[in-house]
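Engineer: The following comprises the amino acid sequence and a computationally predicted model.
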Amino acid sequence: MDAKAESACKAEVACKATILIIEDDPEIQELLSFSMTREGWKLAQAKTGEEGLDYLKKNKVNCILLDIMLPGMDGLRVLKKIKEHEQYRNTPVIMTTARGEESDIITGLELGADDYVVKPYSPKVLIARIRAGLRRQEESGSKVKLRVWQHGGLKLDADRHAAFLHDKSLDLFATEFALLQHFLSHPDIVFTRSQIINAIRGPDYPVTDRSVDVQILGLRKKLGEAGEMIETIRGVGYRLKVPE
């Protein structure tokens, strides 16, 4: 497939994407519905977390917008249940909420959210973040390359989207997997937080340095003792130190 045909194919996939919005505010539902319909996306809406989870049991979606302050089950509990579902572990989930406290953002990221947008937000910015999430999802599923890296007891197979520590499977969220792949494929190289964001999210992606720190902290915890391989370079960023 030539570059032009491949680009057209990806564009077609993006246009056919289904976005699930779990949001109880009818005005926001209407605003998002108008914006996303113009993008050619199919839109599914749920007013409660329970309704959204029920929809996911019966239907496939490509991206989820999830409010935290929902009637009944709150958004963080819904997020946790979504990430427990094998089919949706790598589906982009963007939290959309009026709660912008750092503790809420950290909790959302640690539970596997891919992004966090605080209300009031610009629909154009939200659309751009959805596009970025869909692009990452499409690229991770369409690249045909034999890519396996191993350093010490850590091994990552990009084709199988699987990571192992001493042959034991690691249960990683999509962002954690992308971080580990980046470090394993560039051992002993120091990266700034901005370079890390560019590598796994794309250029000019609006993510704070604190968000990068939280994601790396979560990855280190899951790696156990091997997490020490990801070194903090004070005043600069991070690197993966390969065992001698």
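Structural biologist: Cool, got the structure.
Engineer: for stretch 38-51, which positions count as buried?
Structural biologist: Within stretch 38-51, the residues that count as buried by 16 or more other CB atoms under 10 Å are 41, 43, 44, 45, 46, 47, 48, 49, 50, 51. To be clear about C-beta, it is placed using only N, CA and C from the backbone, and glycine gets the same treatment.
Engineer: Could you check how far the last one is from residue 78?
Structural biologist: Spelled out, it's residue 51. Residue 51 sits 10 Å away from residue 78, going by CB to CB, to the nearest Å.
Engineer: List the buried residues for the biggest helix by length in the chain?
Structural biologist: The single longest helix within the chain, with elements called by DSSP state H, is helix 123-142. Of the residues in helix 123-142, 126, 127, 129, 130, 131, 132, 133, 134, 135, 136, 137, 138 count as buried by neighbour count, 16+ other CB under 10 Å.
Engineer: confidence score at the last one?
Structural biologist: Predicted confidence (pLDDT) for residue 138: 72.
Engineer: nearest residue to the most centrally placed residue in the chain other than its sequence neighbours?
Structural biologist: Closest residue to the average C-alpha location of the chain: residue 114 at 3.1 Å, with CA atoms, centre = their mean. Spatial nearest neighbour of residue 114, chain neighbours left out: residue 92 (4.6 Å); criterion: CB to CB, 6 or more residues apart in numbering.
Engineer: Next up, the contacts around the one you found.
Structural biologist: 62, 63, 64, 114, 115, 130, 133, 134, 136, 137, 174 (CB atoms under 8 Å, 6 or more residues apart in numbering).
Engineer: and if we set it to 7 Å?
Structural biologist: Neighbouring residues of residue 92 by CB atoms under 7 Å, 6 or more residues apart in numbering: 63, 114, 133, 137.
Engineer: Could you look up the SS state of the closest residue to residue 155 other than its chain neighbours?
Structural biologist: Nearest residue to residue 155, sequence neighbours excluded (CB to CB, 6+ apart): residue 164, at 4.6 Å. State at residue 164, reduced to three classes by DSSP: H, G, I helix; E, B strand; the rest coil: strand.
Engineer: Give the bridge partners for residue 164, please.
Structural biologist: residue 155, residue 169 (DSSP bridges).
Engineer: Give me the pLDDT for it.
Structural biologist: Reading off the model, residue 164 has pLDDT 93.
Engineer: repeat for residue 114
Structural biologist: pLDDT, residue 114: 82.
Engineer: my read: it touches residue 175, true?
Structural biologist: Yes - with contact defined as CB atoms under 7 Å, residue 114 reaches residue 175; the gap is 6.1 Å.
Engineer: ok, for residue 62, nearest residue in space, not its chain neighbours?
Structural biologist: That would be residue 17: by CB to CB, 6+ apart, it lies 4.0 Å from residue 62.
Engineer: Can you give me the neighbour number for that neighbour?
Structural biologist: Counted with other CB atoms under 10 Å, the neighbours of residue 17 add up to 21.
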